[in-house]
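# Provided below for reference: sequence and predicted model.
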Amino acid sequence: MENVVLTVHLLLALALIGVVLLQRSEGGGLGMGGGGGGAMTGRAAATALGKMTWILAAAFIVTSITLTIIAAQNAAGVSVLDRLTDQPPAAETTTPALPDVDALMPPPAGDTAPLTPTAD
């Protein structure tokens, strides 16, 4: 169900973008586009593209709300804040000590007597 609504939502978004881009610029909100002759007159007659824009926008909002409701129902039912507890954090694991290198190495071959300083 969620995938169907999501697909319809995506198609509505693409259609809404297309219809808006096909419309003629009338506002001149940034001082650009479509001439200023109609800006001071009353409300212009609604065109087919204008009506289509309103219909697609309303359907887009409905599918947005529907997806929000579906996502809320699929949620775990537990708030993130409810998952936080007053338990102390887990104890940190310490790295094991390195083994004694001398114990791992075989004894040197030959004379193993310790060196003693000689007196001159």
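Cool, got the structure.
# which residues in this structure form helices?
Here the chain has its helices, by DSSP state H, at 2-22, 48-74, 80-83, 101-104.
# Save those as a markdown table, and put in mean neighbour count, distance to residue 94 and mean pLDDT too.
Glycine gets a C-beta too; all of them are placed from N, C-alpha and C. A markdown table is the format used below for these (neighbours: other C-beta atoms under 10 Å; distance: least, C-beta to C-beta, whole Å; pLDDT from 0 to 100):
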| stretch | mean neighbour count | distance to residue 94 | mean pLDDT |
| --- | --- | --- | --- |
| helix 2-22 | 13 | 46 | 95 |
| helix 48-74 | 13 | 41 | 93 |
| helix 80-83 | 8 | 28 | 68 |
| helix 101-104 | 7 | 20 | 68 |
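# Adding distance to residue 95, write the ones you listed out as JSON lines.
Shown next, in JSON lines, are the helices of the chain (distance: least, C-beta to C-beta, whole Å):
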{"stretch": "helix 2-22", "distance to residue 95": "46"}
{"stretch": "helix 48-74", "distance to residue 95": "42"}
{"stretch": "helix 80-83", "distance to residue 95": "30"}
{"stretch": "helix 101-104", "distance to residue 95": "17"}
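# closest to residue 116 out of the ones you listed?
Closest to residue 116 of the helices of the chain is helix 101-104 (C-beta to C-beta; 20.0 Å).
# List the contacts of residue 70.
1-2, 5 (C-beta atoms under 8 Å, 6 or more residues apart in numbering).
# hmm, try it at 10 Å
Shown in contact with residue 70 (C-beta atoms under 10 Å, 6 or more residues apart in numbering): 1-2, 5-6.
# what does residue 47 give?
Residues near residue 47 by C-beta under 10 Å, 6+ apart: 23-24, 53.
# Hmm, residue 2 is touching residue 68, no?
No - with contacts counted by C-beta atoms under 10 Å, residue 2 stays clear of residue 68, the gap being 11.2 Å.
# re the thing from before, nearest to residue 97 among the contacts of residue 70?
When those are compared for distance to residue 97 (C-beta to C-beta), residue 2 wins out at 53.6 Å.
# What residue, apart from its backbone neighbours, is nearest the closest one spatially?
Nearest-residue entry for residue 2: residue 70, 5.0 Å, with adjacent residues in sequence omitted and distances by C-beta to C-beta, 6 or more residues apart in numbering.
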